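*Asks:* okay, structure incoming, though there's no sequence with it:
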């Protein structure tokens with residue numbers, strides 16, 4: 001069930017009405033059943049995996065909390081970590097690698113039929129997100145941060161709360177669980193935030209991201225057919241596409257959660273306006289960035305090691321975060337690029353502590369690097385990636401301008417897409433610098449008009465093919 005599907009538009013009002021009609025003591029159970037039905041709609045078998053990993057992590061946390069023996073605590077923590085990482089490895093790495101070798105055997109005319117094995121296995125939606133959320137709880141109990149005093153169904157709801165389960169944000173136990181344990185009141189619903197977040201989230205996904213995909217996808221599917229400037233422009237448009245797609249999901253999830261009195265943590269803070277990579281990673285996908293910091297970086301020793309080891313730790317975190325996205329080597333290249341440039345920024349700031357780049361120059365640098373690195377993220381394989389990088393840095397070809405890109409769709413569609421990109425940056429810039437505060441007295445009268453206009457644009461320009469969100473595959 002996708003946020004941008006008809007069935008979800010029927011699902012959410014039913015869940016909302018039943019929730020507020022039920023006595024308070026039954027509401028969390030209703031949310032758990034609704035969340036499991038939401039996930040069941042993707043694939044019934046995936047629900048068993050969700051329940052199995054969550055219940056096992058809860059069991060491990062209980063055993064950790066009940067023991068005073070460091071060895072036993074470490075055993076149950078290791079069991080939880082190995083199980084979750086094992087599930088991730090099986091679906092995200094073993095299956096693609098197995099398919100690769102089966103394909104190679106078939107090319108060698110072996111009798112092994114790929115269709116009878118792993119060819120039809122797909123990654124469960126949101127697998128990384130809910131396993132990370134569940135695993136963080138077990139680790140925090142081991143570190144003594146929490147007592148494992150919840151019931152199983154409370155923990156299952158914490159992991160599977162449907163608005164954020166499939167693509168985040170990854171919400172910490174201390175931020176989410178206490179909200180499930182207080183009585184919510186209908187009169188306290190933040191309707192303005194619900195409307196603002198959901199409409200803007202759907203606009204970013206269905207109008208900006210899905211329309212940009214119609215330009216970006218053909219380019220990356222046939223990279224040999226496009227010149228240097230078209231490849232670079234397609235890379236930049238993918239930067240905007242993935243941001244609008246992913247942050248659009250987070251906006252919708254956060255907005256829908258308001259209907260149940262739940263506040264999710266901030267996940268995006270206008271990262272495309274950053275002036276350095278360091279700043280970018282304090283603004284971009286904040287929940288997963290802080291997860292890697294708290295549970296991987298700190299586990300590696302963080303900054304409590306030698307200077308060289310500290311830099312290695314930083315690089316390893318970026319490398320592993322790249323590999324987290326899947327078995328394709330292009331993801332590792334993306335992570336390595338970010339690790340190297342992040343470390344270069346550290347070295348430069350140490351060498352020239354008083355240097356501060358002009359704001360616009362810093363922004364151009366960040367956008368250019370983010371575009372170049374995200375090309376690695378989007379490329380179908382390493383062969384395509386090297387071809388694109390060769391076109392961008394070695395065999396530069398500007399022949400025919402962007403004529404091939406314009407031929408993908410009519411010029412009006414291209415110009416509309418460019419206008420949408422400009423609109424996004426204007427809105428983000430105004431929010432960043434609080435320009436809208438100058439129009440405070442007009443806000444109350446203009447706000448309904450803006451929401452209505454966005455709704456009209458969603459129906460006029462939106463893609464209603466229920467396109468899957470990009471990060472569902474991770």
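*Replies:* Everything's here; your move. As the structure is a prediction and not an experimental result, all values here were calculated from the model.
*Asks:* quick one: the helix or strand where residue 158 lies to chain centroid distance?
*Replies:* For residue 158, the host element (DSSP states H and E) is helix 152-160. Distance of helix 152-160 from the chain centroid (CA atoms, centre = their mean, to the nearest Å) equals 21 Å.
*Asks:* and the helix or strand just after that helix, how far out from the chain's middle?
*Replies:* Next along the chain after helix 152-160, taking DSSP H and E as the criterion, comes helix 162-165. Remark: helix 162-165 is offset 12 Å from the chain centroid, using CA atoms, centre = their mean.
*Asks:* again with stretch 203-218
*Replies:* Centroid separation between stretch 203-218 and its chain, computed with CA atoms, centre = their mean, is 16 Å.
*Asks:* the chain: strands as residue ranges?
*Replies:* Applying DSSP state E to the chain gives no strands.
*Asks:* for the helix ranked longest in it, buried residues please.
*Replies:* Using DSSP state H to define each element, the chain has its longest helix at helix 228-258. Judged by neighbour count (16 or more other CB atoms under 10 Å), helix 228-258 contains these buried residues: 228-258. (C-beta placed from N, C-alpha, C; glycine too.)
*Asks:* ok, the closest residue to residue 40 other than its chain neighbours - contacts?
*Replies:* Computed as CB to CB, 6 or more residues apart in numbering, the closest residue to residue 40 that is not its neighbour in sequence is residue 47, at 4.7 Å. With contact set as CB atoms under 8 Å, 6 or more residues apart in numbering, residue 47 has these partners: 36, 39, 40.
*Asks:* do that again at 10 Å, thanks
*Replies:* Residue 47 makes contact with 36, 37, 38, 39, 40, 41, 124, 160, according to CB atoms under 10 Å, 6 or more residues apart in numbering.
*Asks:* shaky segments in the stretch 351-474 of the chain?
*Replies:* Within the stretch 351-474 of the chain, the ranges that satisfy pLDDT under 70 run 435-445, 466, 471-474.
*Asks:* what segments of it are helices?
*Replies:* For the stretch 351-474 of the chain, the helices defined by DSSP state H, counting those that start in this stretch occupy 359-378, 382-393, 403-406, 411-432, 440-461.
*Asks:* find the least confident helix or strand in the protein, judged by mean pLDDT.
*Replies:* Least confident helix or strand, the chain: helix 95-107 with a mean of 58, by mean pLDDT, DSSP states H and E.
*Asks:* so residue 266 makes contact with residue 254?
*Replies:* Yes. Using CB atoms under 10 Å, residue 266 makes contact with residue 254 at a distance of 8.4 Å.
*Asks:* hey, what's in contact with both of these two?
*Replies:* Listed as contacting both residue 266 and residue 254 by CB under 10 Å, 6+ apart are residue 169.
*Asks:* quick one: end-to-end distance for stretch 345-364.
*Replies:* 15 Å (CA to CA, to the nearest Å).
*Asks:* again with stretch 346-360
*Replies:* With CA to CA, one end of stretch 346-360 sits 20 Å from the other.
*Asks:* and the contacts of that stretch?
*Replies:* Residues outside stretch 346-360 that contact it (CB under 10 Å, 6+ apart): 273, 275-278, 307, 310-311, 314, 362-365.
*Asks:* buried subset of the residues you listed as a PyMOL selection?
*Replies:* In PyMOL, a selection of the buried entries from the contacts of stretch 346-360 looks like this (16+ other CB under 10 Å):
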select buried, resi 273+275+276+277+310+311+314+363+365
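*Asks:* buried subset of the contacts of residue 47 as a PyMOL selection?
*Replies:* PyMOL command restricting the contacts of residue 47 to the buried ones, with burial defined by 16+ other CB under 10 Å:
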select buried, resi 36+38+39+40+41+124+160
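*Asks:* which of the contacts of residue 47 sits closest to residue 140?
*Replies:* residue 160 (18.2 Å; CB to CB).
*Asks:* and residue 120, what's its pLDDT?
*Replies:* At residue 120, the predicted lDDT confidence score is 51.
*Asks:* that older thread, of the helices of the stretch 351-474 of the chain, which is nearest residue 320?
*Replies:* Taking CB to CB, helix 359-378 is the member of those nearest to residue 320, at 15.1 Å.
*Asks:* quick one: buried residues of that closest one?
*Replies:* Of the residues in helix 359-378, 363, 365-367, 369-378 count as buried by neighbour count, 16+ other CB under 10 Å.
*Asks:* can I get the contacts of residue 47 in a markdown table with distance to residue 465 and pLDDT?
*Replies:* Formatted as a markdown table, those follow (distance: CB to CB, whole Å; pLDDT from 0 to 100):
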| residue | distance to residue 465 | pLDDT |
| --- | --- | --- |
| 36 | 27 | 92 |
| 37 | 23 | 92 |
| 38 | 20 | 90 |
| 39 | 22 | 87 |
| 40 | 23 | 87 |
| 41 | 18 | 83 |
| 124 | 22 | 74 |
| 160 | 27 | 90 |
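*Asks:* and the contacts of residue 47, which two are furthest apart?
*Replies:* Top of the distance list for the contacts of residue 47 (CB to CB): 37 and 124, 15.8 Å.
*Asks:* coming back round to it: possible to save the contacts of stretch 346-360 as a markdown table with distance to residue 415?
*Replies:* Below are these laid out as a markdown table (distance: CB to CB, whole Å):
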| residue | distance to residue 415 |
| --- | --- |
| 273 | 24 |
| 275 | 29 |
| 276 | 32 |
| 277 | 32 |
| 278 | 35 |
| 307 | 51 |
| 310 | 48 |
| 311 | 45 |
| 314 | 42 |
| 362 | 29 |
| 363 | 24 |
| 364 | 23 |
| 365 | 28 |
